[in-house]
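Trainee: Model the following, please.
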Amino acid sequence: MHKERTFTEKLSLFFKGLAMGAANKVPGVSGGTVSFVLGFYEELIYSFQKINLKAFKLLLSGRFRSFFRYTNAQFILLVILGSVFSYFSISLVLDYFLQNYELYVWSWFFGMILGSIYYIGKDFGEWNIKNITSLIIGASIGLGISFLTPAGENDNLWFVFVCGIIGVSGMTLPGLSGSFILILLGNYVLLLVDSVNVLFGVLKDIATWNFNFYDNPIKMRYLKIIGVFTAGSAFGLVSISHVLGYVLKRWHQIVTSVIIGFITGSLGIVWPWKEKIFKQENGQILVDQNGNEVVENYQRFLPSISDSSTWFAILYIVLGIGLILAIDFYGRKRKIK
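Mentor: Numbering: from 1, shown residues only. Predicted coordinates for the structure are as follows:
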């Protein structure tokens with residue numbers, strides 16, 4: 001886990017972080033699923049698990065090299081850097097395609113998740129009663145989450161901190177979409193759209209030595225919110241990883257069964273054929289600060305086979321499955337070499 005990495009391996013980790021960050025921002029898609037499929041999930045969990053009391057002792061005693069190696073910091077930094085960079089690059093591209101080609105984007109994700117179920121399950125081993133029960137429990141929870149009704153927006157800083165802990169669960173729990181959970185908590189637009197946009201604008205201001213944002217109470221409010229959200233996310237990453245690292249070591253197959261179930265249940269969230277139900281107040285559809293209508297939930301339906309868009313959507317589902325099978329083929333080919 002602590003081996004020296006080549007430049008190509010470092011670049012690969014950065015791009016994997018990009019993919020995970022983009023997936024984390026899309027409601028219904030789990031960054032943890034991406035890390036599982038791309039083969040760095042367990043290293044991610046065990047690396048965050050190394051952020052503990054021993055790590056802080058190494059840091060406080062000035063043994064930075066030992067701290068860096070003990071925590072597998074190079075791996076963590078590359079993945080996190082890719083994820084953060086994704087919010088200002090790949091995620092923006094995804095936002096564009098979701099606005100203009102929503103059906104095909106959801107179809108592509110649906111196909112990738114179908115492929116992921118095969119990818120994770122193919123080398124699982126024995127499916128006994130205990131593992132099958134764990135699979136059904138995971139699938140039931142994942143499917144149940146997809147039909148919950150979202151709450152209203154809440155900018156209380158304690159609640160924002162909790163949202164950070166829960167929202168980051170998509171990185172550590174494959175199949176559980178942190179972004180979708182934030183929608184259910186009512187804070188997706190506040191935390192992953194409005195606050196991120198304000199932060200991006202402030203960073204651009206700082207780059208041009210413009211510090212007027214400090215006198216803007218609205219911008220300062222959003223900066224405070226995203227700061228608390230980030231702190232909650234960091235706390236969640238470390239604490240959830242400690243729990244997962246513990247259970248993965250002792251009940252690996254059962255945990256994997258639940259993960260496969262979660263991913264299967266999440267198919268209900270990314271079902272491509274659905275209509276938006278917009279959030280309303282006093283009979284008026286609410287809009288965010290960018291003028292976009294706020295989505296409250298989705299109404300799913302079966303597609304018409306006489307509609308050409310249905311067949312294009314099916315094509316994208318096949319392409320999504322094909323992408324995961326190609327990753328699987330490439331991985332097996334590398335192992336043979």
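Trainee: Might one say that residue 48 is in contact with residue 237?
Mentor: Yes. Residue 48 is within contact range of residue 237, at 5.4 Å (criterion: C-beta atoms under 8 Å). C-beta here means a position set from N, CA and C on the backbone, and glycine is covered the same way.
Trainee: what touches both of these two?
Mentor: residue 172 (C-beta atoms under 8 Å, 6 or more residues apart in numbering).
Trainee: quick one, strands of the stretch 201-337 of the chain?
Mentor: Listed in chain order, the strands of the stretch 201-337 of the chain (DSSP state E, counting those that start in this stretch) span residues 274-278, 280-281, 284-285, 295-300.
Trainee: what would those look like in CSV with mean pLDDT?
Mentor: Shown next, in CSV, are the strands of the stretch 201-337 of the chain (pLDDT from 0 to 100):
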stretch, mean pLDDT
strand 274-278, 77
strand 280-281, 70
strand 284-285, 74
strand 295-300, 70
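Trainee: so which of those strands comes closest to residue 192?
Mentor: strand 295-300 (12.8 Å; C-beta to C-beta).
Trainee: got a pLDDT number for residue 225?
Mentor: pLDDT, residue 225: 92.
Trainee: and it, how far is that from residue 169?
Mentor: Computed as C-beta to C-beta, to the nearest Å, the residue 225 to residue 169 distance reads 19 Å.
Trainee: what about the longest helix in the chain?
Mentor: Assignment by DSSP state H gives helix 217-250 as the longest helix of the chain.
Trainee: so how far is that helix off the chain centroid?
Mentor: Averaging C-alpha positions (C-alpha atoms, centre = their mean, to the nearest Å) puts helix 217-250 13 Å from its chain's average.
Trainee: Could you name the helices and strands sitting against that helix?
Mentor: Judged by 3 or more C-beta pairs under 8 Å, 6 or more residues apart in numbering; DSSP states H and E, the packing partners of helix 217-250 are helix 41-49, helix 157-167, helix 169-172, helix 195-207, helix 252-265.
Trainee: related to what we said a few turns ago, CSV for the strands of the stretch 201-337 of the chain, including mean neighbour count and distance to residue 180?
Mentor: Shown next, in CSV, are the strands of the stretch 201-337 of the chain (neighbours: other C-beta atoms under 10 Å; distance: least, C-beta to C-beta, whole Å):
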stretch, mean neighbour count, distance to residue 180
strand 274-278, 13, 13
strand 280-281, 10, 20
strand 284-285, 10, 21
strand 295-300, 16, 10
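Trainee: what about residue 244, how many neighbours?
Mentor: Residues within reach of residue 244, counting by other C-beta atoms under 10 Å, total 22.
Trainee: Quick one: residues contacting the closest residue to it other than its chain neighbours.
Mentor: Excluding its sequence neighbours, the residue lying closest to residue 244 (C-beta to C-beta, 6 or more residues apart in numbering) is residue 45, at 5.0 Å. Contacts for residue 45 (C-beta under 8 Å, 6+ apart) come out as 172, 241, 244-245, 248.
Trainee: Can you tell me which of those has the most neighbours?
Mentor: Neighbour max across the contacts of residue 45 (other C-beta under 10 Å) = residue 172, 25 neighbours.
Trainee: Who's the closest spatial neighbour of that residue, skipping the chain neighbours?
Mentor: residue 240 (4.7 Å).
Trainee: That neighbour against residue 173, yeah?
Mentor: Yes. Residue 240 is in contact with residue 173 according to C-beta under 8 Å; the separation is 7.4 Å.
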